[in-house]
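Engineer: can you look at this prediction? I've put the sequence above it.
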Amino acid sequence: MNHFRFTILLYGIVAFFAAAAIPKSALAWTWNYKGIAYNGPSLCVKGDAGIDHIRPGLFSGNLAYATTYAFGNACSTGLNLPNGWAASRLDVYKYAGSTWVVCRRTDWQYGGTSSGKWIGDIFTGPTGPSSLIDYGGSYSCGTGWYATMAYAYVWDGSQWRGGGVWSGAEWVQ
């Protein structure tokens with residue numbers, strides 16, 4: 001193997017192990033983007049669930065996020081639904097050794113959904129109601145593992161369809 005290929009291989013191996021050694025919480029946020037909350041024959045409900053905490057020197061904050069989206073069957077095409085037909089709420093959880101307990105929560109946010117639109121050369125993608133809370137970081141419920149459960153629901157004309165989307169956990173101190 002020539003020196004150039006060996007050097008590239010060595011850098012690749014070092015980069016792989018360096019990336020594996022960095023804990024996920026070093027990113028300062030944990031996010032589940034468009035997780036499926038409900039998938040029926042003519043309606044699919046997706047939700048975002050996110051948790052962030054302040055990390056000095058990084059763009060960050062003690063924030064939890066939730067957003068609701070409505071799609072047609074096969075979860076592929078965004079739906080345009082009227083105001084009040086979609087709802088979003090979130091709970092911020094902290095791990096208490098053997099179970100997850102609610103630390104903070106939001107009220108329901110209602111709105112419509114959109115399939116998205118073009119603004120110049122940029123497609124905005126689907127939109128829907130969102131929930132956001134500054135949960136206070138470790139000052140709220142202490143140092144430990146935190147996560148968001150986003151609740152994404154859409155009215156199908158006869159009942160609310162949806163469920164929870166878990167963000168994944170993040171160490172907050």
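Structural biologist: Looks like it arrived, so ask away.
Engineer: secondary structure element for Trp90?
Structural biologist: Just so we're on the same page, residue 90 is Leu rather than Trp. Leu90 is located in strand 81-95, with elements delineated by DSSP states H and E.
Engineer: show me the residue at the heart of the chain, geometrically.
Structural biologist: Nearest to the mean C-alpha position of the chain, counting by C-alpha atoms, centre = their mean, stands Ala49 at 2.6 Å.
Engineer: how close does that residue sit to Met149?
Structural biologist: Distance, Ala49 to Met149, by C-beta to C-beta, to the nearest Å: 7 Å. In this view, the C-beta of every residue, glycine as well, is placed from N, C-alpha and C.
Engineer: shared neighbours of those two, which are they?
Structural biologist: By the contact definition C-beta atoms under 8 Å, 6 or more residues apart in numbering, Ala49 and Met149 are jointly contacted by Leu90, Val165, Trp166, Ser167.
Engineer: can you check the pLDDT for the third one?
Structural biologist: Note for Trp166: predicted pLDDT of 99.
Engineer: so what does Gly72 have for phi and psi?
Structural biologist: Dihedral pair for Gly72: phi -80, psi -170, per degrees, to the nearest 10.
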